[in-house]
Structure formats: C-alpha cells, structure tokens
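[1] my questions are about this predicted structure, shown below with the sequence.
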2 protein chains.
Amino acid sequence: MQVAERIQAMIEKEVMKTGDKLPSVRSLSKEHGISMSTVFQAYYHLESKGFIEPRPKSGYYVRFSPRRLPEMPKPCRPVKKASEVNVSDMITEVFNHLSPDDVLRFNVAVPPEVLLPAAKLSKSLIQAMRSLPAGGVNYESLQGNHLLRRQIARMNMHWGVTTFTEDDIVTTTGCMDALTLCLSATTQPGDVIALESPAYSGTFQLAESLGLKVLEVPTNPVTGVDLEYLDKAIPKFKIKACVFVTNFSNPLGACMPDKHKRELVKLVNKYDIPLIEDDIYADLYFGKTRPSSCKQYDRHGNVLLCNSFSKSLAPGYRVGWTMPGKYKDKVLRLKLNHTVSSATLPQAAIAHFLENGRYEHHLRNLRKMLHTQCLRYQQAIADYFPEDTCVTRPQGGYVLWLELNKSINTFELYDLAMKKKVSFAPGRIFSLQDRYTNCLRISHSNPWSKQVDDGLKTIGKLAHQLL
Amino acid sequence: MQVAERIQAMIEKEVMKTGDKLPSVRSLSKEHGISMSTVFQAYYHLESKGFIEPRPKSGYYVRFSPRRLPEMPKPCRPVKKASEVNVSDMITEVFNHLSPDDVLRFNVAVPPEVLLPAAKLSKSLIQAMRSLPAGGVNYESLQGNHLLRRQIARMNMHWGVTTFTEDDIVTTTGCMDALTLCLSATTQPGDVIALESPAYSGTFQLAESLGLKVLEVPTNPVTGVDLEYLDKAIPKFKIKACVFVTNFSNPLGACMPDKHKRELVKLVNKYDIPLIEDDIYADLYFGKTRPSSCKQYDRHGNVLLCNSFSKSLAPGYRVGWTMPGKYKDKVLRLKLNHTVSSATLPQAAIAHFLENGRYEHHLRNLRKMLHTQCLRYQQAIADYFPEDTCVTRPQGGYVLWLELNKSINTFELYDLAMKKKVSFAPGRIFSLQDRYTNCLRISHSNPWSKQVDDGLKTIGKLAHQLL
C-alpha cells in the first residue's frame, strides 16, 4: 500500500504524467526490497482506481492525471427573490421509475445492490425478529427503537458529536421523512427557506408540498454555500430556515470546511433560525476521516441533523433519524400525527447490524469502491465528453456535476439519451431559476463495467452532436 | 352452532330473560336429537360470548339481556362554526405512552399481541426476504409492492369493490400516512374539513399539522353522520373535504347503512369535493358479512379509501394503503416527496401472508374474539358503572363510547384512574368544542381477564364516587 500511495502521489503531483511508463515489477521489487507479488498488488490497486493501465507485453502506464481532468464549474450568481416551486413536472419525469428496468440509470444517487451486504443484513433481521416480543408485530415506541438510537449516538460520538445522547435522537421512515418532519416543525406555509444552488430536486418538491418558498444561495463546488451572502440574505429575504447538505452536497459534491461549519452555526444562532442539516452522504467520504457536521458545534439546539441508512446500507428498509435539537417535542408530535411510529423490524435489524460492528466494516469497503468508481467515471467523462466540459471533483458521495457548453440544452440531451436507454439528471431540475440548462448530474453509483463505459460514451457522443 | 344461534336469538329478543335457567344438556340433546357434546359446545360458545353462565351443580343461566344494557348516547347538536384545533395537549397527555407499561390500557384501540398471528407472519417475512432480490434492501416501487396491491384488490373484490384494480392502489406507511397523503393532496392550509362528532383525536391533530379547520358534523351512534345536515353544511361552511370513518367509527362505533353510503357519495359528487373514507375497522365486523364502503359506489373518483393492516394484523409493520380515486397522481407525488417509498420487506411479508389465505383465517378468529370481548365489556360496564350511564352497542371494531352523568368530568376521572394504573380516553379529546366532558372511550381490545374486570370495576367505582 505504501508503494501504491507513493506512486499515486507522484501521478497526482504530475511527477509522472499520463502515458509515462511505470518501472517494471522486477526493478521496483529490487529497488524497494519487496516481493514481486507485493508490487503486483500495488499495481492492481492503482489499476482498480483508474490511475494506471496495463498494456499487453509492454508493462504499466500512467492513465490518469489531474491535468487531464476538466475544469471545475463556477458558483452561480445570486437570485433577486425567493421563488415558488415550479419544476415538479420535470422532476417527476426524470425520477418516475424508482424500480430497476432496462435503462442504465446514471440518474439516481442510490447504492446498487451489489455494493450492499444483503445477506448479513438479512441475518440481523432474523435475529431481531427472534429477540423482539411477538416477532415485531407491535408498534415501536414513538421516539424509535432504543437500541438503534443508542448505536447511532455511539457512532456520532465516534465522529465527534459528543454532547448528544440517544435521547436526542428520533428515528424516522428514511431521511426524506426526517426532513419533512423537521421542516414542518420549523416553518409555516408561505415561509421562505434557503437551499444551496444547485440543490437536490427532492427538497424543492418537499418545499412545494409544504407551501414554502425557496431562496437559492450561491454555492461553491468545493466549500459549499456562500456564508457572506447568506448573512445578508437571511434578514433581507426573511429566511425562516436553512436546509443544507453540508457534506458532499447533492449535486455539487461540496464539503464545507470546519471553519465554515462553525461560522454557519454562529449565523443561524445570530438570527435564531433553524439549520436543517441533511448529512446522508457524510459516511461516504473518500479521504481519511469523516468530515464534521454542524451539529457538533450546536450549543443552542438550532441545528436539526437528519440522516438515514438509505445511501449506505438499505434503501428499502426506510430507516432514518434526526437530532432535532430544541424542536424535538414538535417533531415527535408531528411523527405521532403522520405515521404513529416507524416500522419496528427494520429499525431493530439495523440496530443489530450496528451492534455487531458490521456497519463500519461494510462502510470501509463501500467507500473504497465509490472512490474508485468516482475516479473512473471522471476519467471517462474527460475522455468522451466535449473538451470544454467542466466537472466537479467531489471527495465523497455518489454524484458528479457537469457543466457543458452553453449551447447545449441537457433536457434535449436527456431525451436523446433516454432513447438509447441511458438516463441522467438534467441540471435544470436542481434550480427554480432558469439556470443549469447546460448542466447535468451523473451518479457514479453503478460499479464500473463495459456497460457503464458505453453509457458514458453514448452521452458524450450525443453531447458532441449537440455542439 | 344452530342451537347456539337459536338460544342467542331468544335471549336477544328477551324470550328468555336474565336469570332464566336454560334447559339441561340432557333434555336439549333429546329434544333436538343431537349429541350431548354438541349441546355442551353450544353452551360453551354462548358462555364465551357472555350470554349465559354456569352455576355450580345447578346448570346454565341467562346472563346477558339487552334490556340490562344501558341506553345509547344521543347525537350531539350542530356547531356554529368551524374550529381551529385546540386539543393537542390533552391528546398528547393521553396517548403519550405507545409502548406497553404497567398501566392497564383501555385508552388505545390497537390489537394486543396475543390476538395476532406473530409466528405465521414471521414465517411470511422470512419467505418474502428469500424471494426478494438482495433480501429486500432495495427501494420498493413508488406505488408499492405489486403482489400486495394485487392481494388487496382481490380482497376488495371479495367485499364488493369490484371495479378497481391493483393499479388504483397506493401503499403507505400505515393508515395515518394514507390519511396524511390524501388530506395533503386534496386541501390547502386554511381550508375547512368535515369530521364526525365525536371524532378520532388523531385526525384533529393531523388537521392541525396541515393547518386545516374542522367542522364537526352531528353523528348518530348507529347510522353515522347526519347527511341532511351535511348537505346544508358543505356550501354554508365551504367544506373542502370530508374525512369519515363509515364503518365502526371511532369512538362512536357507528356503521352507516348502505343507503346512507350511497347518499353520501351522491352528496360529495354534487359538490365535487373529496370524501376521505377511513375504513380501518371494517374488517372487524361482528355480524355475518363485511359492511360495504362508500368506495363501492364511487364512479367519479371522489372517494379516497384509506386502510391498513395495523388494526387487524401487525401495527409494527406500518403497512397501509389507499385507493385515492382521481387524486392518485397527486398522492403518488406527495409520497415520493415525503418518504420516497414505503419499506420493502413489511409489504412483501403481508403480501405473502395474504396470498396464502392466512389473513382470512386469522380475521375469523379475531372477529369472534372481539365480539365476545365487546359483549363482556358491555356487561361489566352495566354491572359496575352508575345506572344512568349510556353506552354504545357497536357491531364491530375496538371501542365503546360511554356517556356518564352530566356532573362527571371524565378528565378528573382519568386522573383518578391513572393513579390506580388504569387508563381510558376522556371524551373531551374527541371534539374541538367544549363537549363530551362527561363521556369516555373504552377500548375492549384486551382479552377478558380478572385484571380487565378489576380495571372496569375501578373506573366504575370512581365514577360512582364522583357522582
């Protein structure tokens, strides 16, 4: 691994450039005094990450170079006013089909089942069923499975959220349910809320169904929302709540630096408005440690942390949770009114899975896979898409955000791609403004394969044609 | 069974009166030319239903007579205007504890686990897990498990809802979720909706969380809402939707006659407003056949039928469904926004349970138990409560509604009873008006036992003290 890391660093710093030949296995083995099989392993590892490629009867060559990666997209300009939601039809069109079919789906940011520990989770479910009274047919308590909440509190403690306990947690039917409860608890119809721009289309639809208006905040693809802008916007637009994905935002992939997170918490405290922090991608970091969450810096109960196991473990289990701060009682009451309680067995199964240390183990593998896939997809986009394409370089999560030439309408591109049974999410659905019409989001959740390669090639080719 | 039915009829028509001695087993056996064990079975059956009782060394005596049952409560008077919801604190107080504890809970209308087929359902869950791809970790389709919807459509066809198919059904996370989606799809904050009076407190809270006002419609404890009144009230109060429990309403236990149901559908068609029909208790009929639902008479898509398996099979599974008529697309969109999809495994497990004919079999037993319990509870109330107590005679469901002497405040009674670890639902929480303060709801879901008998005796005694 040390050898691999050293070579990777050389490639990233462009000490070794694309097309350069790597030292032969034999010479590297001699040079470092390590076995040839160790060198092979290092090369296989780099190959799986897309950094190098073997050429028959010739050896390994550098394949990837950051220079060859397209430019990053630029943050958007501020808007003039908060908007009512108007993109529902487009969103419904794109996400109409949740169940698998014959379309290659770059449109959804969900883990494909091959990356999920289905068999082990099934075992946990059976264990949970055996240990629950009457096999789990009874209502779970309103606040949620007690063992699960304890495990979540432990996990959070591990990440640095040390001042909260299981009693601060409420389980939900997935993260969208957590967001729905938190938004309902903190806003009234007609209120203005702040979202990133571009922002997850599902949040726009949620805002619409709750009768809320949305102010889109300019967002940097690396550092997240523009806090200076936000500071002025909160009083100016009478913003009543912020809903931000602070880690690996969707679709930009931005990850707020710790300093920004602290500042953001100060800001919401200054105006005494809630920050609903959607943290579903944070577990899927590519770096060495999990990024922090704003909740860590919350001393006044203004941060409502929302999360779930849908992006990392079992979408179909619909198990999410929230730490709703000072809004806990209101969230509990709404939960009682809308669903009584969350399903008993899925909560208990995930509690069992966590208790046995299986989650951390699974996450390690999943993160490695996703990182490799992300690099592979980026490389393919650089290879197949028009030269002036910009693409993000997320450090976690499931998605890449692409900015194509201004002349290209990605809804047109979408229609063409769908005819070839390839799907992606057109940029327009991530804003209420008439923007991002030349952008698109591609999920790199599908493991690399010839089909994926062909799919990306197809979109790239169509983009070339539209130029 | 024929012998038992004949004797029951004689008791009900008061041909045989309370305290009358029944013919000896030997003489009845000779008279009808049937075996003595058959007669014993008939007597056991009547005893289990509370109609007759054995007296040692003497024989069987008539125990129950309708004459001895208290009077029925009267319908309430109409209100002057629609109200904002104001009883949330009281409701939260009463239903704060969903999980079992040491209180004897006459307050909740849920099946106790002893009446549920937990082991068989667990088997169905394991079967479902094995047959689903990746053990059910994936998202279910937005509309819901296809096999489950087909089974529900079949069940409905069996009941007489013949013109609808699986494509008309959307699964939900329990019935409250179905009601939430249907109400959200058909109303705007500020709208007025019509509910029965008294009505289920959870519906008030739901209305509150959606910013709706409520008009309470006078309701007859036998035939349900007053349709003549409703016909005038809809235009007068600008009612935008009706939410009625047409079969075994909660808390009154009223069951609308077919004629009324047809009229109600005509009425909502006339004003072109939606009728959200909460049908969760219909499966729990005590008579010979399942009562009809308004949905059967719906030809214009104005009836949104809501139901679940929480009252009859597995509350903890959180599996409900709706037939939202012409609002289906809107309901689907809201479901996508709020919870993405419902949990995969619980739906598949119940589909499997239904497919194998286990549900009908289970329901037959459950209905018999509930009928017997209902009669037993009524008898005990007649025995222990003050003489001027009125009580309903529901033909299905889980609850009895009691009207005590006007001088008694049932919230006071509630506080006293809770000190003795007995709980019930005070009448006041079933209205937004200052009414039903001398009423209470008692759930007869707990199987008859000495503890139950003592619990009812306790409440009765306390009521006597408060007189």
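    Received the coordinates, thanks.
[2] mind listing what's buried along stretch A:301-314?
    Of the residues in stretch A:301-314, those buried under the neighbour-count criterion (16 or more other CB atoms under 10 Å in any protein chain shown) are A:302-314. All C-beta atoms are positioned from the backbone trio N, CA, C, and that covers glycine.
[3] and that stretch with chain B, contact?
    Yes: in this structure, stretch A:301-314 sits against chain B according to CB under 8 Å from any CB of the partner chain; the contacting residues are A:310, A:313-314.
[4] next, the distance between the ends of stretch A:338-348.
    For stretch A:338-348, the separation between the terminal residues is 21 Å (CA to CA, to the nearest Å).
[5] centre of the chain to it, how far?
    Chain-centre distance of stretch A:338-348: 25 Å, with CA atoms, centre = their mean, to the nearest Å.
[6] now swap in stretch A:308-324 and tell me
    Shown here is stretch A:308-324, whose average C-alpha point lies 13 Å from the average C-alpha point of the whole chain (CA atoms, centre = their mean).
[7] please apply the same query to stretch A:52-62.
    33 Å.
[8] report the buried residues of that stretch.
    For stretch A:52-62, the buried set under the neighbour-count rule, 16+ other CB under 10 Å, comprises A:52, A:60, A:62.
[9] from those, which single one is nearest residue A:298?
    Checking the buried residues of stretch A:52-62 against residue A:298 by CB to CB gives residue A:52 as the nearest, at 44.2 Å.
[10] for that closest one, what are its contacts?
    With contacts defined as CB atoms under 8 Å, 6 or more residues apart in numbering or on different chains, residue A:52 is in contact with A:7, A:11, A:22, A:43, A:46, A:60-64.
[11] that older thread, of the buried residues of stretch A:301-314, closest to chain B?
    If you rank these by distance to chain B using CB to the nearest CB, residue A:314 comes first, at 4.2 Å.
[12] count of neighbours near the residue nearest to the closest one when sequence neighbours are not counted?
    With CB to CB, 6 or more residues apart in numbering or on different chains as the criterion, residue A:314 has its nearest non-adjacent residue at 4.2 Å, and that residue is residue B:137. The local packing of residue B:137 (other CB atoms under 10 Å in any protein chain shown) involves 25 other residues.
[13] report the separation between residue B:137 and residue B:228.
    Residue B:137 sits 54 Å away from residue B:228 when distances are taken as CB to CB, to the nearest Å.
[14] same check, this time on residue A:107
    Plainly put, residue A:107 is 54 Å away from residue B:228 if you go by CB to CB.
[15] which of these two has more neighbours?
    Summary of the neighbour comparison: residue A:107 and residue B:228, criterion other CB under 10 Å, with residue A:107 having more neighbours (22 against 11).
[16] for that one, pull up the helix or strand it's in.
    Per DSSP states H and E: residue A:107 is located in neither a helix nor a strand.
[17] let me know the pLDDT of the residue nearest to residue A:426 when sequence neighbours are not counted.
    Beyond its immediate neighbours in the sequence, the residue positioned closest to residue A:426 (CB to CB, 6+ apart) is residue A:410, lying 4.2 Å away. Looking at residue A:410, its pLDDT reads 95.
[18] report how many residues lie close to residue A:410.
    A total of 26 residues lie near residue A:410 under the criterion other CB under 10 Å.
[19] that one contacts residue A:429, doesn't it?
    No: contact status for residue A:410 versus residue A:429: not in contact, 9.7 Å apart, counting by CB atoms under 8 Å.
[20] what does the stretch 201-350 of chain A put close to chain B?
    Residues of the stretch 201-350 of chain A lying near chain B by CB under 8 Å from any CB: A:202, A:205-206, A:208-209, A:211, A:310, A:313-318, A:333-334, A:336-346.
[21] so which of the residues you listed sit within helices?
    Counting by DSSP state H, the part of those found in helices is A:202, A:205-206, A:208-209, A:333-334, A:336-339, A:344-346.
[22] what about the closest residue to residue A:140 other than its chain neighbours, neighbour count?
    Excluding its sequence neighbours, the residue lying closest to residue A:140 (CB to CB, 6+ apart) is residue A:344, at 4.3 Å. Counted with other CB under 10 Å, the burial measure for residue A:344 works out to 28 neighbours.
[23] wait, residue A:344 touches residue A:141, no?
    No: under the criterion of CB under 8 Å, residue A:344 makes no contact with residue A:141, lying 9.5 Å away.
[24] got a list of contacts for the strand ranked longest in chain A?
    Under DSSP state E, the strand in chain A containing the largest number of residues is strand A:213-220. Strand A:213-220 is contacted from outside by A:75-79, A:81-85, A:190-199, A:204, A:207, A:225-226, A:229-230, A:233, A:237, A:239, A:249, A:252, A:254, A:431-433, using CB under 8 Å, 6+ apart.
[25] same question, stretch A:281-298
    Looking at what lies outside stretch A:281-298 - CB under 8 Å, 6+ apart - the contacts are A:156, A:159-162, A:164, A:245-250, A:255-256, A:258, A:261-262, A:264-265, A:275, A:277, A:279, A:303, A:305, A:307, A:311-312, A:323, A:325, A:363, A:366-367, A:370-371, A:374, A:394-398.
[26] chain center to it, what's the gap?
    Centroid separation for stretch A:281-298 versus its chain: 12 Å, with CA atoms, centre = their mean.
[27] for it, list every residue counted as buried.
    Using 16+ other CB under 10 Å as the burial criterion, the residues of stretch A:281-298 that qualify are A:281-286, A:290-298.
[28] cool, stretch A:412-426 as well?
    A:413-414, A:416-417, A:422-426.
[29] export that stretch as PDB, just CAs?
    Only the C-alpha atoms of stretch A:412-426 are listed here, as PDB (Å, rounded to 0.1, in the frame of the first residue of the first chain):
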ATOM      1  CA  GLU A 412     -32.700  17.700 -25.100                       C
ATOM      2  CA  LEU A 413     -29.600  15.600 -24.300                       C
ATOM      3  CA  TYR A 414     -31.700  13.700 -21.800                       C
ATOM      4  CA  ASP A 415     -34.400  12.900 -24.300                       C
ATOM      5  CA  LEU A 416     -31.800  11.700 -26.800                       C
ATOM      6  CA  ALA A 417     -30.000   9.600 -24.200                       C
ATOM      7  CA  MET A 418     -33.200   8.000 -23.000                       C
ATOM      8  CA  LYS A 419     -33.900   6.800 -26.500                       C
ATOM      9  CA  LYS A 420     -30.600   4.900 -26.100                       C
ATOM     10  CA  LYS A 421     -31.700   3.700 -22.700                       C
ATOM     11  CA  VAL A 422     -29.200   5.800 -20.800                       C
ATOM     12  CA  SER A 423     -30.500   8.100 -18.000                       C
ATOM     13  CA  PHE A 424     -29.100  11.000 -16.100                       C
ATOM     14  CA  ALA A 425     -30.500  14.000 -14.200                       C
ATOM     15  CA  PRO A 426     -30.600  17.300 -16.300                       C
END
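[30] show the buried residues in the contacts of strand A:213-220.
    Buried positions within those, assessed by neighbour count (16+ other CB under 10 Å), are A:75-76, A:79, A:82-83, A:85, A:191-199, A:204, A:207, A:225-226, A:230, A:233, A:237, A:239, A:249, A:252, A:254, A:431-433.
[31] go through the residues you listed and flag which are in strands.
    Counting by DSSP E, the buried ones among the contacts of strand A:213-220 contribute A:192-197, A:225, A:239 to strands.
[32] of those, closest to residue A:464?
    The nearest one, if we look at those relative to residue A:464 and count by CB to CB, is residue A:197, at 28.1 Å.
[33] which pLDDT does the model give the closest residue to residue A:404 other than its chain neighbours?
    Using CB to CB, 6+ apart and skipping residues adjacent in sequence, the residue nearest residue A:404 is residue A:438, 4.8 Å away. Here, the pLDDT recorded for residue A:438 equals 95.
[34] any figure for the gap between residue A:438 and residue A:200?
    When CB to CB is the yardstick, residue A:438 and residue A:200 sit 19 Å from each other.
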